[in-house]
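> return atomic coordinates for the entry below.
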Amino acid sequence: MLSTHPTCFSLARAPVLVLGLLSAFVLAGCGSASHRVSYEPEAFGSTTTHTRDYEATEAQTCEAARRALLSQGYMITAANTDLVTGRKSFQPAAEVHVEVEFRVVCARENTRGGKASKSTVAFATALQDRYGIKKVNNSASLGVGAIGSLSLPFSSSDDAMVKVASETLTDERFYDRFFALLDRFLDGPVGEDEAAAPAETPVASPPAAAPTVTPAAAPAVTYPVSSSPNRG
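Residues are numbered from 1 along each chain as shown. Next comes the predicted model:
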């Protein structure tokens, strides 16, 4: 006769429950693995993609960077002696809008021993923001007081730009072209401002006035008075 004791029944179901729990854990692990983000870790090995050395001051290097960005249609948002930022818009597709923000930092290169150097390091970074068009539904109601509580629904949709991605550009050829253009502006009038500056022309002093000669007064001439002889 088969025993229906509760203890025996629970022991018989134990392997089934353990197998079910293990299956659930395995499926959960596979599901979480499918949603993991795969990214390339930073190697921090190359120092030539975003940097270049120039034999110029910080002000001259950043001024050349400003002119290089202006020549390519970038709108300058900030510019000083050690920082230049510019922004440019692109439309690669009908419903895709891209904006690139370019940033250049100019820092003086320090030599060993803390001595100041005449060379400057230019650090360039470009950030690309991608926007997409999203439909936004708007609803409104119209009440007519003369007829009664009558509401007529009206719906409309507006297009809004929503940021969908943001990425730092790392293409070496992109930065090579920019640094080559910066070098051209640095070798041009920007780098020769100090050498080509005209020397200050001294202001000629007015000629000294000729001394005024006051004529000396003529000496007074005294004529002797002759007396006539007495007649006897």
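> could you pull out the helices for this protein?
In the chain, the helices defined using DSSP state H lie at 6-34, 58-71, 172-185, 193-196.
> any weak-confidence spans in the protein?
Residues of the chain that meet the criterion pLDDT under 70 lie in 1-41, 111-116, 137-157, 189-232.
> okay, strands next: where are they in it?
Ranges of strands in the chain, per DSSP state E, are 51-54, 75-79, 83-93, 96-110, 116-144, 150-168.
> partner strands of the third one, with direction?
Okay, so that is strand 83-93. With DSSP bridges as the test, strand 83-93 is paired with strand 75-79 (antiparallel), strand 96-110 (antiparallel).
> what angle separates that strand from helix 58-71?
Orientation check (axes from the mean of the first three to the mean of the last three C-alpha atoms, to 10 degrees): strand 83-93 against helix 58-71 gives 20 degrees.
> what comes up buried for strand 83-93?
Going by neighbour count (16 or more other C-beta atoms under 10 Å), the buried part of strand 83-93 is Leu83, Val84, Thr85, Gly86, Arg87. Every C-beta, even on glycine, is put in place using the N, C-alpha and C of the backbone.
> do the same with stretch 72-83
Residues of stretch 72-83 classed as buried by neighbour count (16+ other C-beta under 10 Å): Tyr74, Ala79, Leu83.
> and Tyr54, how far is that from Ala43?
According to C-beta to C-beta, to the nearest Å, Tyr54 stands 26 Å off from Ala43.
> no wait, Arg184
Distance from Arg184 to Ala43, by C-beta to C-beta: 31 Å.
> with Leu69 instead?
For Leu69, the distance to Ala43 equals 28 Å [C-beta to C-beta].
> what's the answer for Leu70, then?
In this view, Leu70 and Ala43 are 34 Å apart by C-beta to C-beta.
> which of those two has more residues huddled nearby?
Neighbours per residue (other C-beta atoms under 10 Å) separate Leu70 from Ala43, with Leu70 holding more: 15 against 6.
> which residues does the more buried one contact?
Ile76, Gly86 (C-beta atoms under 8 Å, 6 or more residues apart in numbering).
> same question, Glu101
Contacts for Glu101 (C-beta under 8 Å, 6+ apart) come out as Thr85, Gly86, Arg87, Ala126, Leu127, Asp129.
> list the beta-bridge partners for it.
Legend: beta-bridge partners of Glu101 under DSSP bridges are Arg87, Leu127.
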